[in-house]
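Q: only geometry, no sequence info:
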């Protein structure tokens, strides 16, 4: 069993950290004595979050899709807080509730860019710093949607499957290189944030709070592990499902109402989030959008 390590004085950069899971994780890590870079597309909100968390937090603007912007974020964190110990690739968006055939191309590209390319950009930038130091920890936020294909969220599921597979491949590369750099993949169920608004309830899997996800991230940093299921019992559900034939897995999904969780999204209650998530502008101004649905990140 791996030893528990202290997070006191560790330098952590978190993307999408102005709100939701990112903010809760930043707050938990500041409480552990870490120094935290709050990275977000919405710099003003990031600044308010950093101010609320105190002197151990700093705010930075970052667009995870733009590698130069991401590099500038990491460089600024190291300049102000010190060498990077931990990167949490948390920024992500979820635009769901339509059959894939009806999803416009811009929505597809936007989710792939933020959810996948953002993680690729951040991981490569972190490894450039961590490999020479032979130390560090990368935390990639995936989802339980990375363990199964849920109707109404084909592209979202694809990006989260990709994050999980990518994270596992990078972990195995580091093992082959005998580099003591940790990788963790966080897989929460629906979280009580804007991203999870308007989704129907399911049987047996409760809505979790951002603080619950943050607590599991802290545990994974203190005692490293790759698979971080939130809640933990969902790991057992996935293991059980994996032993069933396809028809059995699909029947289990219907019993748990998992097949309705993204398909049944209420766009009216998700409208403000979806407008912001579609936009490069964090205010969500999409007056030029090809889809006037007037319908943001975690």
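A: That came in fine, so what should we check first? The structure displayed is predicted, hence computed values, not measured ones.
Q: Low-confidence stretches in the protein?
A: Counting by pLDDT under 70, the chain has low-confidence residues at 1-3, 204-205, 280-298.
Q: Could you list every helix and strand in contact with the helix ranked longest in it?
A: Using DSSP state H, we find that the single longest helix of the chain is helix 154-176. In this structure, helix 154-176 packs against helix 105-111, helix 118-133, strand 136-141, strand 181-188, with contacts taken as 3 or more Cβ pairs under 8 Å, 6 or more residues apart in numbering; DSSP states H and E. Backbone N, C-alpha and C define where each C-beta goes, glycine included.
Q: outside of the last one, which residues touch it?
A: Outside of strand 181-188, the residues within contact range by Cβ atoms under 8 Å, 6 or more residues apart in numbering are 21, 127, 130-131, 134-144, 146-147, 163-164, 167-168, 170-171, 174, 208, 212-213, 216-217, 220-221, 224-230, 234.
Q: relative to helix 118-133, how tilted is that strand?
A: Put simply, strand 181-188 runs at 150 degrees to helix 118-133, going by axes from the mean of the first three to the mean of the last three Cα atoms, to 10 degrees.
Q: Each with direction, which strands does strand 181-188 pair with?
A: With DSSP bridges as the test, strand 181-188 is paired with strand 136-141 (parallel), strand 227-230 (parallel).
Q: circling back to that earlier point, what comes into contact with the longest helix of the chain?
A: Outside helix 154-176, the residues that touch it by Cβ under 8 Å, 6+ apart are 89, 92, 94-96, 100, 103, 107-108, 111-112, 115-116, 119-120, 123, 127, 138, 140-143, 145-150, 181, 183-185, 187, 226, 262.
Q: out of the residues you listed, which are buried?
A: Buried by 16 or more other Cβ atoms under 10 Å: 89, 92, 94-96, 103, 107-108, 111-112, 115-116, 119-120, 123, 127, 138, 140-143, 145-148, 150, 181, 183-185, 187, 262, out of the contacts of helix 154-176.
Q: Name the nearest residue to residue 258, ignoring sequence neighbours.
A: Leaving aside its sequence neighbours, residue 258 sits nearest to residue 202 (Cβ to Cβ, 6 or more residues apart in numbering; 5.8 Å).
Q: Kindly report the same for residue 63.
A: Excluding its sequence neighbours, the residue lying closest to residue 63 (Cβ to Cβ, 6+ apart) is residue 69, at 4.3 Å.
Q: For my notes, confirm that neighbour occurs in a helix.
A: Yes. Secondary structure of residue 69 (DSSP: H, G, I helix; E, B strand; the rest coil): part of a helix.
Q: residues touching it, list them.
A: 61-63.
Q: quick one: it and residue 76, what's the gap?
A: 11 Å (Cβ to Cβ, to the nearest Å).
Q: Check residue 252 too.
A: Where residue 76 is concerned, residue 252 sits at a distance of 46 Å (Cβ to Cβ).
Q: Could you check how many residues crowd around residue 71?
A: Close neighbours of residue 71, defined as other Cβ atoms under 10 Å, add up to 16.
Q: Only the buried residues of stretch 264-282, if you could.
A: Residues 264-265, 267, 270-271, 273-279, 282 are the ones in stretch 264-282 that count as buried (16+ other Cβ under 10 Å).
Q: I'd like those residues laid out as CSV, including secondary structure and distance to residue 14.
A: CSV is the format used below for the buried residues of stretch 264-282 (DSSP: H, G, I helix; E, B strand; the rest coil; distance: Cβ to Cβ, whole Å):
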residue, secondary structure, distance to residue 14
264, coil, 31
265, coil, 26
267, coil, 29
270, coil, 24
271, helix, 27
273, helix, 20
274, helix, 23
275, helix, 24
276, helix, 19
277, helix, 18
278, helix, 23
279, coil, 21
282, coil, 16
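Q: contacting residues for residue 11?
A: If you count contacts by Cβ under 8 Å, 6+ apart, residue 11 has them with 34-35, 37, 77-78, 81-86.
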